[in-house]
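>>> sequence and computational prediction follow.
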6 protein chains.
Amino acid sequence: MQKITSGIEGFDQLLFGGFPQGRSYLVSGEPGAGKTIFTLQFLLEGLKAGERVVYISIDEKPEHVISDAEALGWPLNEYLASGQFAILDVTANFASAQIGGGGLDIDRIIQDVLRFVRQFQATRLVIDPIAPLIFSERHRPEVAEYIRRLIFAIEDVPACTTLLTSYAPVGTDKVSHHGVEEFAASGIIILKLEKLNTKYIRTVRVKKMRGTRVDLSEYSFEILPNRGIVLRQAI
Amino acid sequence: MQKITSGIEGFDQLLFGGFPQGRSYLVSGEPGAGKTIFTLQFLLEGLKAGERVVYISIDEKPEHVISDAEALGWPLNEYLASGQFAILDVTANFASAQIGGGGLDIDRIIQDVLRFVRQFQATRLVIDPIAPLIFSERHRPEVAEYIRRLIFAIEDVPACTTLLTSYAPVGTDKVSHHGVEEFAASGIIILKLEKLNTKYIRTVRVKKMRGTRVDLSEYSFEILPNRGIVLRQAI
Amino acid sequence: MQKITSGIEGFDQLLFGGFPQGRSYLVSGEPGAGKTIFTLQFLLEGLKAGERVVYISIDEKPEHVISDAEALGWPLNEYLASGQFAILDVTANFASAQIGGGGLDIDRIIQDVLRFVRQFQATRLVIDPIAPLIFSERHRPEVAEYIRRLIFAIEDVPACTTLLTSYAPVGTDKVSHHGVEEFAASGIIILKLEKLNTKYIRTVRVKKMRGTRVDLSEYSFEILPNRGIVLRQAI
Amino acid sequence: MQKITSGIEGFDQLLFGGFPQGRSYLVSGEPGAGKTIFTLQFLLEGLKAGERVVYISIDEKPEHVISDAEALGWPLNEYLASGQFAILDVTANFASAQIGGGGLDIDRIIQDVLRFVRQFQATRLVIDPIAPLIFSERHRPEVAEYIRRLIFAIEDVPACTTLLTSYAPVGTDKVSHHGVEEFAASGIIILKLEKLNTKYIRTVRVKKMRGTRVDLSEYSFEILPNRGIVLRQAI
Amino acid sequence: MQKITSGIEGFDQLLFGGFPQGRSYLVSGEPGAGKTIFTLQFLLEGLKAGERVVYISIDEKPEHVISDAEALGWPLNEYLASGQFAILDVTANFASAQIGGGGLDIDRIIQDVLRFVRQFQATRLVIDPIAPLIFSERHRPEVAEYIRRLIFAIEDVPACTTLLTSYAPVGTDKVSHHGVEEFAASGIIILKLEKLNTKYIRTVRVKKMRGTRVDLSEYSFEILPNRGIVLRQAI
Amino acid sequence: MQKITSGIEGFDQLLFGGFPQGRSYLVSGEPGAGKTIFTLQFLLEGLKAGERVVYISIDEKPEHVISDAEALGWPLNEYLASGQFAILDVTANFASAQIGGGGLDIDRIIQDVLRFVRQFQATRLVIDPIAPLIFSERHRPEVAEYIRRLIFAIEDVPACTTLLTSYAPVGTDKVSHHGVEEFAASGIIILKLEKLNTKYIRTVRVKKMRGTRVDLSEYSFEILPNRGIVLRQAI
């Protein structure tokens, strides 16, 4: 099984070399835990190596994502300009189903994403987050079906490795917003904001990873200019 | 990225200089935690610097807000009189949807707010709270959609930096009333009323802040006449 | 801002002089915490000073309230006879909406209360509890709207200061029965029955108070004949 | 205010002399906590003094109640025979409303109970439990209304003092099954089955009691032949 | 009151001699706690003494029950063959009500059970479990009514003592699946699987028992070949 | 009672020799706990001994299962090629019932599974997981009925021993996704991912096992290349 580097300093060792290629992994965390930076750093790693990468934005404005990356010293705009990087906004696909009657056109959304990823020849893909946050309990069966089919579909593109983020509800121990993401993904990475004695620290751990040995320990990390996420000691 | 000062003594250091300009930040806390004072102090900072600022009141009487500020020694009435400060009451916009049938006219509310903020040329905006408290579970999808669109819309006014308050439900670990505010905002500030040994103290911490480094520590603060919120030591 | 004395021994110091006049304050507590005695003592303080005061009873028989006060040595009957004190029973106003169809006639209830308070020229008002306990989840939006409007309306009578009691559900950390009282009131006073080592004690603390500095500490209190609630040390 | 003895060894001291006469008190506890024995002992105290007393059975067979009392050495059958003691079975009154459509005929049930108690000239009444356990969430508003009206009605018989039992749901901190009993009753007595170190003990405490001073401490108790409940030390 | 031996080594002492005859007792526990073995051992005790006993199986295959007993060295098949022991399968009675429309024919089920028990002249009866596990929340009022009526009915057969098992939901503190079993039964026996330091042990305690003194302590037990459940020390 | 070896190093001792043959056992765990590896190792044990085994995949792609096994050094493909091993995908059977109207055709699914297992002459069967994860609360009665009937049916094939996996919801103490699996299965094996001091470890314990003595202790385990799950010390 081929492995690809994550681009996160110190993280590949937890996976005994990197992410098994061609699968989809869940990056779970509360707001503020560092999910978006984690995924951008993963894409940047590909961009630096000349790969073509795609970021699918659902709840965040693309220009904010770009400017947040620039605040870290990451020139995503240059890669956008060069055509090596693409941002896809699929919010409109969800809009009609959000309020009231019409069902979610699952097949259409998934085909749109898949066609784009294939035509762009992306080797790294981020969907941030996997499903719009506004879907309520009422939509749960459809969202669950969408998530399951989406993950099945993107794992059909063997050259492309995917990170999917999921909101971990604040004030609970759950690792995903809709309760099904953790079962369908091939791996789970958990980011946390924890109080250690009197200090808040950020931590990362691998909870599930199919097809490779893993180091299950929890590591603290920092977010530094230019370097982004840098793992520190196991805690 | 441009930063603006918060006006809260000791707080800008947590943000390495201040709030990234043009974004929307959530100020979350239980009743009594100090949310309204935090936001008024943020507006006062702008007023002192000659900026034009807007306070949107939803669940509180404007005259009470003014008199509470005066109890602290802040002459908001003078700024109101000079036309540098405006209070907008949008409660009526929500009234028809509160009980029974008719849906929430999201677009209308957002357009009203946006038009006012643009015409007034506000550089600081407070919406306190982001959504009326009386919306029940039944309205959740609409309120979630309203919150998401509102934040998207006001972040389209790049000169204006916004604070949105949210009721943190008493007796839980949640940081917002409707469960979606924390995902949509560009930053989260948490105010708490905590029992430390045998004393209740007020604390503030930054939980999420896009586009800047942050100090994640929790600081105790006091509310003093004239000076308002003053940060003390990290706890 | 004018302040009025509470009549509770040792309590005014927590408010740096007393209650800001003309606002509404929530007195929250479990059954047995002392809510009714707290509010009667507040009214008695006014009666002794020659003020006109009103007690609105919703779930309790007026004659029981009177006889409970007499058990403490407080001659409320005499003030009733002299016309300085009035008890208003509004239970009937809620009756039709309690079971089944008809909505709650919010405007009518609020107008009745308001007219009575104004005509009586009351300077102190107690509504015990703020809403009948039997309203179920089904009525939540209407009860929330009723509570919000009621508080807005009675704060329009600037000469009258109001205490509203709310049942804190037993076995939870919540401070109100309907979940909205704590947001709408201008202040929150929490009464508790707590196990300290092997003894149960009663405690009081101020959680929120607009327009004045507060002492946030929790104090134990006793209920003594004639003197009623008497604060002891901070715990 | 007149007080009556409880008949429970050591308990009257917690109430500074006994139960204030003519009110209704809730006896709350899990299955096995001793509620039925507590109430039978209260009735027995009256019977020994020549009073006329009534036990209203709802979920338990009257003959089981009698034989359980006899297992403790209490000859309730003799008092039944002498006409000083009556057992009323009102289960049938609830039957039609239990499953499906027809509402609960609250007025009829309450009038039946009241007429019986008045004609019998009872001075002590036990309703065990206050409402049948099988009512589900669906019936909550009606049961709440029934409980409130029942307590109001029986407190209109000033010569009669009443104990009402309520199932405290197992595995929670709640003190009643329907969530409204604790607010409507004039007092609350809590019976518990607690693990103290490695032993299970039974305890009793008074949580609320209108119209009298109370000792809030929790006392362990034993159930002994003939003597029934006997309080031991405060714990 | 007549008492009968349980057949469980060391258990009768907790009941000061055995089960009061003719009543129904709940045996509650998580899967794996030992409920089925407890009840089979209770029946075996009767069989050894020449009594006629009945086991009503609802969710388990009768042949599995027999073979599990045989794995312990208990020759239930021989008693089946001799006609002293009967297994009744009432699953079919519940089938029509399980999915969708038709209500549960409570009277029919209860009459069937009762007629069988009476004709068989059983002195010990086990219903394992008291109600099929698949009934959902939707059926709760009917299941509650079924359980209450069933217990009332079988307690009308004074010669027959009954054990009813109930699934204690895993991961909660509840003692029954439907939430009403614990109130209706004349006694409750709780079986647990607990972690004591680093070992999992099985424990038993009596939580409620009408008509007899009880030892409330919790005892560890083992399951041994031939002897079945054997109580060890109080823990 | 015949026993069969599990193939997991050190595990058969917990069962005093192995799994009682012909029954169905639940393997419960959070994502990442090792459920799939546990069941593949169980099948591999049969394959090595020349048995015919079946793996029924519901939420995972068969090719992923194969490649995950290969990452561990297990050549399942060879057994597939030789016809000794079969993978059955029954997802389509569930598809029509997933969204909206049509009920689940329980009998059809169960007959399909049963016919296949019988024709294949399988002696080991894995259903991973027992029911698709996307079924929501709405389907609970049907899923419960499906699970109960499925387990009854496959236990009618005495030569075949079955492992069923179930998602233990993350952040709770539950051992199954639908809440009924634990009652219907003949045994329960719990896999966990636990934090021990500062390290995450994997553990296994037997919670319930009909028809055999069990060691209830919890053991840590590792996942090693070629050897798969290897039990370490009791913890």
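Received it, and whenever you're ready, just let me know what you need. Numbers count the residues shown, from 1 in each chain, chains lettered A, B, ... in the order given.
>>> average pLDDT across the host helix or strand of A:Leu43?
In the assignment (DSSP states H and E), A:Leu43 maps to helix A:35-48. Here helix A:35-48 scores 97 as its mean pLDDT.
>>> and A:Ala144, what helix or strand is that in?
Per DSSP H and E: helix A:140-154 holds A:Ala144.
>>> give me the buried positions along the helix holding A:Leu43.
Neighbour-count burial for helix A:35-48 flags A:35-47 (criterion: 16 or more other Cβ atoms under 10 Å in any protein chain shown). Where you see a C-beta, it was placed from the backbone N, CA and C, and this is true even at glycine.
>>> which one of the residues you listed is nearest B:Phe11?
Nearest to B:Phe11 out of the buried residues of helix A:35-48 is A:Ile37 (Cβ to Cβ; 23.1 Å).
>>> mind saving the C-alpha coords of stretch A:182-198 as CSV?
This file holds the C-alpha atoms of stretch A:182-198, laid out as CSV (Å, rounded to 0.1, in the frame of the first residue of the first chain):
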residue,chain,number,x,y,z
GLU,A,182,-16.7,8.2,11.9
PHE,A,183,-18.0,4.9,10.6
ALA,A,184,-17.7,5.5,6.9
ALA,A,185,-14.2,7.1,6.8
SER,A,186,-11.1,4.9,6.4
GLY,A,187,-9.5,6.8,9.3
ILE,A,188,-10.2,9.3,12.0
ILE,A,189,-7.9,12.1,13.2
ILE,A,190,-9.0,14.0,16.3
LEU,A,191,-8.0,17.5,17.0
LYS,A,192,-8.7,18.9,20.5
LEU,A,193,-8.5,22.1,22.5
GLU,A,194,-7.8,20.9,26.0
LYS,A,195,-7.2,22.4,29.4
LEU,A,196,-4.0,20.9,30.8
ASN,A,197,-3.6,22.2,34.4
THR,A,198,-4.1,25.9,33.9
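>>> can it be found next to chain B?
Yes - contact between stretch A:182-198 and chain B, assessed by Cβ under 8 Å from any Cβ of the partner chain, occurs at A:Leu193, A:Lys195, A:Thr198.
>>> inside strands: which ones of those residues?
Judged by DSSP state E, the residues of stretch A:182-198 next to chain B include A:Leu193, A:Lys195 as members of strands.
>>> next SSE downstream of the lowest-mean-pLDDT helix or strand in chain A?
One helix or strand of chain A scores below all others by mean pLDDT, DSSP states H and E: helix A:91-98, with a mean of 57. Using DSSP H and E, the helix or strand that follows helix A:91-98 in sequence is helix A:106-120.
>>> got the angle for that following helix vs helix A:140-154?
Here the directions of helix A:106-120 and helix A:140-154 differ by 30 degrees (axes from the mean of the first three to the mean of the last three Cα atoms, to 10 degrees).
>>> for helix A:106-120, which positions count as buried?
For helix A:106-120, the neighbour count (16+ other Cβ under 10 Å) marks A:Ile106, A:Ile109, A:Ile110, A:Val113, A:Leu114, A:Phe116, A:Val117, A:Phe120 as buried.
>>> what pLDDT does the fifth one get?
It refers to A:Leu114. For A:Leu114, the predicted pLDDT is 93.
>>> skipping adjacent residues, who's closest to it in space?
A:Ala153 (5.5 Å; Cβ to Cβ, 6 or more residues apart in numbering or on different chains).
>>> one step back: now, of the residues of stretch A:182-198 next to chain B, which are buried?
Taking 16+ other Cβ under 10 Å as the criterion, what is buried in those is A:Leu193.
>>> same list (the residues of stretch A:182-198 next to chain B) but as TSV, adding pLDDT and distance to chain E.
Output for those, formatted as TSV (pLDDT from 0 to 100; distance: Cβ to the nearest Cβ, whole Å):
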residue	pLDDT	distance to chain E
A:Leu193	90	27
A:Lys195	86	26
A:Thr198	75	32
